[in-house]
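Student: predicted coordinates and the sequence they were generated for:
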Amino acid sequence: MMTFNLTDQLKERNLSLTAVRLAVLEALHAHPHSDAARIFEVVQQRIPTASIQAVYNNLNTLVEHAIIREIKPKGMPSLYETRIGDNHHHVVCRRCSRVMDTDCRGYAPCLSPADDHGFIIDEAEVVFWGTCPSCQKTTPHRSKI
């Protein structure tokens, strides 16, 4: 069962507490940075009749209502997580595609654009790319910086 309390957020946004929606949230809590296919696998273990379309529909609804976050690392499918609202960023391994959270050093947004073009900036999204510790053991690292 969910050890985090997102059901209140669903209720506050007048979203129903369907079995598939709750299973999607539980899957994301247990497997952060998962793509829709992985979430579907986990949901189907609990609800064999769940469809991939139901999972996609719920992911879209949950993103739209700011209950989960969608991240889109270049060259990868969309990934989802329940950690929202704290302006954290991600590190991605170029070799194995492992994704990890990394906190911002400072206040949100933690980057300042040279020209905001009149926008009120409230968030910055950064993806750091590199080589994870496991992959470093198998292949020497070459920095691009």
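Tutor: Structure received. Numbers count the residues shown, from 1 in each chain.
Student: off-centre distance for the lowest-mean-pLDDT helix or strand in the chain?
Tutor: Within the chain, no helix or strand scores below helix 7-12, which has a mean of 87 by mean pLDDT, DSSP states H and E. On the basis of CA atoms, centre = their mean, to the nearest Å, helix 7-12 sits 19 Å off its chain's mean C-alpha point.
Student: identify the residues contacting that helix?
Tutor: With CB atoms under 8 Å, 6 or more residues apart in numbering as the test, helix 7-12 has contacts from 16-17, 21-22, 65, 67. In this view, the C-beta of every residue, glycine as well, is placed from N, C-alpha and C.
Student: low-confidence ranges, the chain, go.
Tutor: Filtered on pLDDT under 70, the chain yields the residue ranges 1-4, 107-109, 140-145.
Student: give me the domain ranges for it.
Tutor: Following automatic domain parsing, one finds the domains of the chain at 7-71, 85-138.
Student: reformat those as JSON lines; add mean neighbour count and distance to Pro77.
Tutor: What follows is the domains of the chain, written out as JSON lines (neighbours: other CB atoms under 10 Å; distance: least, CB to CB, whole Å):
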{"stretch": "domain 7-71", "mean neighbour count": "16", "distance to Pro77": "4"}
{"stretch": "domain 85-138", "mean neighbour count": "12", "distance to Pro77": "10"}
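Student: go through the ones you listed and name the closest to Leu79.
Tutor: domain 7-71 (4.7 Å; CB to CB).
Student: mind listing the helices for this structure?
Tutor: 7-12, 19-30, 36-46, 52-64, 133-138 (DSSP state H).
Student: I'd like to check the angle between the third one and helix 19-30, please.
Tutor: Spelled out, it's helix 36-46. 120 degrees (axes from the mean of the first three to the mean of the last three CA atoms, to 10 degrees).
Student: list the helices and strands helix 36-46 packs on?
Tutor: helix 19-30, helix 52-64 (3 or more CB pairs under 8 Å, 6 or more residues apart in numbering; DSSP states H and E).
Student: please export the alpha-carbon coordinates of the longest one; PDB is fine.
Tutor: Written as PDB, here are the backbone C-alpha positions of helix 52-64 (Å, rounded to 0.1, in the frame of the first residue of the first chain):
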ATOM      1  CA  ILE A  52      -1.700   0.100 -21.300                       C
ATOM      2  CA  GLN A  53      -4.100   2.900 -22.500                       C
ATOM      3  CA  ALA A  54      -5.500   3.100 -18.900                       C
ATOM      4  CA  VAL A  55      -2.000   3.600 -17.600                       C
ATOM      5  CA  TYR A  56      -1.200   6.300 -20.200                       C
ATOM      6  CA  ASN A  57      -4.500   8.100 -19.500                       C
ATOM      7  CA  ASN A  58      -3.800   8.100 -15.700                       C
ATOM      8  CA  LEU A  59      -0.200   9.300 -16.200                       C
ATOM      9  CA  ASN A  60      -1.500  12.200 -18.400                       C
ATOM     10  CA  THR A  61      -4.200  13.100 -15.900                       C
ATOM     11  CA  LEU A  62      -1.700  12.900 -12.900                       C
ATOM     12  CA  VAL A  63       0.800  15.100 -14.800                       C
ATOM     13  CA  GLU A  64      -1.900  17.600 -15.800                       C
END
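Student: lovely, talk soon.
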